[in-house]
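A.B. asks: can't give you the sequence, but here's the structure:
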């Protein structure tokens, strides 16, 4: 009888616990319905960049935190400008900006989570417990639940910038941004140019050297190019006006440029990744079917955009130069600010210059006596001859798929003795940016 009595007590306790759980679940279900249909906030649990208040009637209202919301907008703006999450974290910690939760300073993972989250757009994703007790999304996200601290356009650009930065970038970022052409520098033999630090001047310094020649691997270009000289030569030659002297832009253009197609593809890819992330969270929910359709639609849009890009490239017999010229102009303006900027400003300016140089040049090629900037053309120009019947400065390469690629050779510097002999010698040769030819 004692055992029976104990069992009855346990059964009753279990039933009461179950009923309590059902009542709590029903209450939260009603809250989710009210939030979705009547825009009534569910609780005071909100993102760190918002503040919860109660009005005279006791209704919850959310407003931006005066110190934290600007930090979120800054994170998105700097990400869209090309800054990586580690550099953003260092800047925030150096400036003493308090994180929203952690007591040990900002972390790269925190910045990455903010960038990927759509809560900054004002969306709220309700959740529920399934039969297995797992927390799963309940329906579609509720839009305009929170105050939006960034707009959709900035969110997409920042996430697209993350995807673009991952492409072709490797190695740990340098705090001082010493190398202006990471990923662009190549030897004429095709090998990568290493960026080496041989200590402090005057005996040491930073240099570019062929990675193959450094290993004695079938390349005799063992010249060490001083990084400060390369930077000076390169910035001196960022004259967009010179491009039109050799290759005239198309007189009629319709539709986006190839670079704009690339940007749109990157933005669609960011949206697709977001949809796939939401799909994985809602795989056991009816919403998963709709998210799967959205992801499939975005995949189709990306493929269509790539086909349109290919078609646009095939239609062009001459390069579309405004985007490249704009990048060169922007890089030149930033470079002019370097001499009168602070240490912190220099880092931001040099990061911006790197982004524009990546837009302008496909490669920066180093030979034993010269430096060329290669600007890729959409296809073979209608004529390969320039003034007086001389060959245009164009190089042709065969890609892996045997399709020829054409590059305009943008002369940056040469000290070839045979070439300089025609100009009564000299230590090197640079085109003047505005006044004809000049030597240095």
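C.D. replies: Right, received. Where do you want to start? What you are looking at is a predicted structure, and each value in this text was computed from that prediction instead of being measured.

A.B. asks: Residue 337 touches residue 352, doesn't it?
C.D. replies: No - contact criterion C-beta atoms under 8 Å: residue 337 and residue 352 do not qualify, at 9.6 Å. Using the backbone N, CA and C atoms, a C-beta is placed for each residue, glycine as well.

A.B. asks: Name the residue in the two with the higher neighbour count.
C.D. replies: Taking other C-beta atoms under 10 Å, residue 337 and residue 352 do not tie; residue 352 has more neighbours (20 against 14).

A.B. asks: Is that one within a helix or a strand, and which one?
C.D. replies: helix 343-360 (DSSP states H and E).

A.B. asks: any idea how far residue 118 is from the closest residue to residue 89 other than its chain neighbours?
C.D. replies: Nearest non-adjacent residue to residue 89, counting by C-beta to C-beta, 6 or more residues apart in numbering: residue 106, 4.5 Å away. Residue 106 sits 21 Å away from residue 118 when distances are taken as C-beta to C-beta, to the nearest Å.

A.B. asks: and the two? which has more neighbours close in?
C.D. replies: Per other C-beta under 10 Å, whichever of residue 106 and residue 118 has more neighbours is residue 106, with 22 against 17.

A.B. asks: doesn't the more buried one fall inside a strand?
C.D. replies: No - counting by DSSP: H, G, I helix; E, B strand; the rest coil, residue 106 falls outside a strand, being coil.

A.B. asks: let's number from 197 now, not from 1
C.D. replies: Right, with 197 as the first residue, what we last looked at is residue 302.

A.B. asks: Then residue 248 would be within a strand, right?
C.D. replies: Yes - Residue 248 forms part of a strand when assessed by three-state DSSP.

A.B. asks: What spatial separation is found between the residue lying closest to it once chain neighbours are set aside and residue 336?
C.D. replies: Leaving aside its sequence neighbours, residue 248 sits nearest to residue 240 (C-beta to C-beta, 6+ apart; 4.4 Å). When distance is defined by C-beta to C-beta, residue 240 is 23 Å away from residue 336.

A.B. asks: Between those two, which has more neighbouring residues?
C.D. replies: residue 336 (17 against 11).

A.B. asks: re earlier: wait, the residue nearest to residue 248 touches residue 257, no?
C.D. replies: No - using C-beta under 8 Å, residue 240 makes no contact with residue 257, being 10.8 Å away.

A.B. asks: what sits in contact with each of those two?
C.D. replies: Counting by C-beta atoms under 8 Å, 6 or more residues apart in numbering, the shared contacts of residue 240 and residue 257 are residue 248.

A.B. asks: Where does pLDDT dip in the stretch 497-636 of the chain?
C.D. replies: Filtered on pLDDT under 70, the stretch 497-636 of the chain yields the residue ranges 509-519, 574-575, 577-588, 595-598, 618-636.

A.B. asks: can you list the domains in this structure?
C.D. replies: 237-362, 381-442+535-635, 454-511 (automatic domain parsing).

A.B. asks: Tell me which residue is most central in this protein.
C.D. replies: residue 357 (2.2 Å; C-alpha atoms, centre = their mean).

A.B. asks: Which residue comes closest to residue 490 once chain neighbours are left out?
C.D. replies: Nearest non-adjacent residue to residue 490 (C-beta to C-beta, 6+ apart): residue 471, at 4.8 Å.

A.B. asks: Tell me, how many residues neighbour that neighbour?
C.D. replies: Residue 471 has 20 nearby residues by other C-beta under 10 Å.

A.B. asks: Where does it fall, secondary structure wise?
C.D. replies: According to DSSP H and E, residue 471 maps onto helix 454-477.

A.B. asks: what packs against that helix?
C.D. replies: strand 331-333, helix 348-362, helix 483-511 (3 or more C-beta pairs under 8 Å, 6 or more residues apart in numbering; DSSP states H and E).

A.B. asks: Can you lay out these as a markdown table showing distance to residue 526?
C.D. replies: Listed next are those as a markdown table, based on distance: least, C-beta to C-beta, whole Å:
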| stretch | distance to residue 526 |
| --- | --- |
| strand 331-333 | 42 |
| helix 348-362 | 16 |
| helix 483-511 | 23 |
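
A.B. asks: re the thing from before, past the helix holding residue 548, which element shows up next along the chain?
C.D. replies: That would be, after helix 539-556 and using DSSP H and E, strand 559-563.

A.B. asks: Paired strands for that next one, with orientation please.
C.D. replies: strand 381-383 (parallel), strand 566-573 (antiparallel) (DSSP bridges).

A.B. asks: Select, out of those, the one closest to residue 291.
C.D. replies: strand 381-383 (32.5 Å; C-beta to C-beta).

A.B. asks: need the next SSE after that closest one, C-terminal direction.
C.D. replies: strand 389-393.

A.B. asks: Can you point out the buried residues in the next helix-or-strand element following that following strand?
C.D. replies: Toward the C-terminus, strand 389-393 is succeeded by strand 402-406 as the next helix or strand (DSSP H and E). With burial defined by 16 or more other C-beta atoms under 10 Å, the residues of strand 402-406 counted as buried are 402-406.
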